[in-house]
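**Student:** Quick one, what's the 3D model for this:
(chains A, B and C)
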Amino acid sequence: MPELPEVEILVRHLAPLLKGKTIRGVEVRRPKVLAPTTERELVRSLRGAKFTGLSRRGKYLLFSLRRPKRRDPLLLVGHLGMTGRMYLMPKSATLPKHAAVVLDLGRTRMVYEDTRYFGRLTLDRGGLEKLGPEPLGPDFTAAYFAVNLERSRQPIKVKLLDQTLVAGVGNIYASEALFRARISPRLAANKLSAGQIKNLRQAIREVLTEAIGSGSTLPLDFAGNGGRDGLFYYGGSGDESSFYQERLLVYDRQGQPCIRCRSPIKRLVQGARSTFYCVGCQRA
DNA sequence: CACCATGTTCCTTG
DNA sequence: CCAAGGAACATGGT
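**Tutor:** Numbers count the residues shown, from 1 in each chain, chains lettered A, B, ... in the order given. Sure thing, here's the model as predicted:
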């Protein structure tokens, strides 16, 4: 479930639900997701703390908390990895098989579940400092982008996944942005023209913005979705997944005709990850 | 059994 | 020191 748009949608959904809630208890079922924070450390820090805000940096979730009798704020950092999800659920409902951390909020509880346990929920903020600018923020300028692409000979698709270049673009939206900008995923980063750099920057921003816009129209209540939180994500089942797929023009569409030129969409492997592109409109 | 999967980090090699 | 490539992490779907 995790690229910038999905995390942003989750943040907007959870922020008002969490604000003002006090953590009564903490249950850690998979201590590895806390690393390098220990279970004892997390429980001691969070018990009694109150949520004051929730924001996002790249694909990271930033939970702001205030502890009783303390002025200094506490920051809880979340990352969903490949399969992580977070939602509130009633205490009467059964916990999912791969619940990693459960926060008791009184009437409800917040669950962080993660099938593959690649994500994390931790007090460690290492990694945040290394992140590049927010793609939708003011620092992601064409000039910044150009300077940082110049020094790399990596294929542009691979470079887009570098979170120190720009924070939040993942494997799906990297392919989507390159398709929109009509740039070959194999083109070396330092070979992009000034025009291509401008187009790609704009394509990244549009692809992410549109994805956030589509998501916000969906229901997000746990109760209204038969046990799911309503967040659509690739690999999910039912309506959520098909809705998501319609928004993707090349990702996972190998063999299908390009919507612009009818050429077949191809799949290739770069840096051990799949890339999807149109052989007709994304020439090197 | 084979291969694939939205992410990040660590290790090796050059 | 840096860049690049690949494996590892863990589980499930097809």
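
**Student:** Every contact and neighbour count from this point should use C-alpha atoms.
**Tutor:** Noted.

**Student:** What separation is there between A:Arg66 and A:Gln256?
**Tutor:** As judged by C-alpha to C-alpha, to the nearest Å, A:Arg66 and A:Gln256 stand 51 Å apart.

**Student:** Tell me which of the two has more neighbours.
**Tutor:** A:Arg66 (20 against 15; other C-alpha atoms under 10 Å).

**Student:** From DNA strand B, how far off is that one?
**Tutor:** 25 Å (C-alpha to the nearest atom of the strand, to the nearest Å).

**Student:** correct me, but that residue touches A:Thr52?
**Tutor:** Yes. If you go by C-alpha atoms under 8 Å, A:Arg66 and A:Thr52 touch, sitting 6.6 Å apart.

**Student:** What are the boundaries of the strands in the stretch 151-284 of chain A?
**Tutor:** Counting by DSSP state E, counting those that start in this stretch, one finds strands in the stretch 151-284 of chain A at the ranges A:265-270, A:273-278.

**Student:** so what does the first one touch, helix or strand wise?
**Tutor:** Which is strand A:265-270. On a contact count with 3 or more C-alpha pairs under 8 Å, 6 or more residues apart in numbering; DSSP states H and E, strand A:265-270 meets strand A:273-278.

**Student:** Listing partners with orientation, what would you give for the strand it packs on?
**Tutor:** strand A:265-270 (antiparallel) (DSSP bridges).

**Student:** is DNA strand B contacted by the strand it pairs with?
**Tutor:** No. On the criterion C-alpha under 7 Å from any atom of the strand, strand A:265-270 is out of touch with DNA strand B, staying 7.8 Å away.

**Student:** where's the residue lying farthest from the centre of chain A relative to A:Arg180, distance?
**Tutor:** Computed with C-alpha atoms, centre = their mean, the maximum C-alpha offset from the centroid of chain A is found at A:Lys69, amounting to 33.9 Å. From A:Lys69 across to A:Arg180, the span is 52 Å (C-alpha to C-alpha).

**Student:** go on, A:Gly25?
**Tutor:** Look at A:Gly25 and A:Arg180: by C-alpha to C-alpha, they are 47 Å apart.

**Student:** Who has more neighbours out of those two?
**Tutor:** Neighbour count, other C-alpha under 10 Å: between A:Gly25 and A:Arg180, A:Arg180 has more, with 20 against 17.

**Student:** Just list the residues touching the more buried one, thanks.
**Tutor:** Contacts for A:Arg180 were tallied using C-alpha atoms under 8 Å, 6 or more residues apart in numbering; they are A:200, A:203.

**Student:** Kindly report the same for A:Ser175.
**Tutor:** Taking C-alpha under 8 Å, 6+ apart, we find A:Ser175 in contact with A:157, A:185, A:250-251, A:275-277.

**Student:** Intersect those with the contacts of DNA strand B.
**Tutor:** Among the contacts of A:Ser175, no residue lies close to DNA strand B (C-alpha under 7 Å from any atom of the strand).
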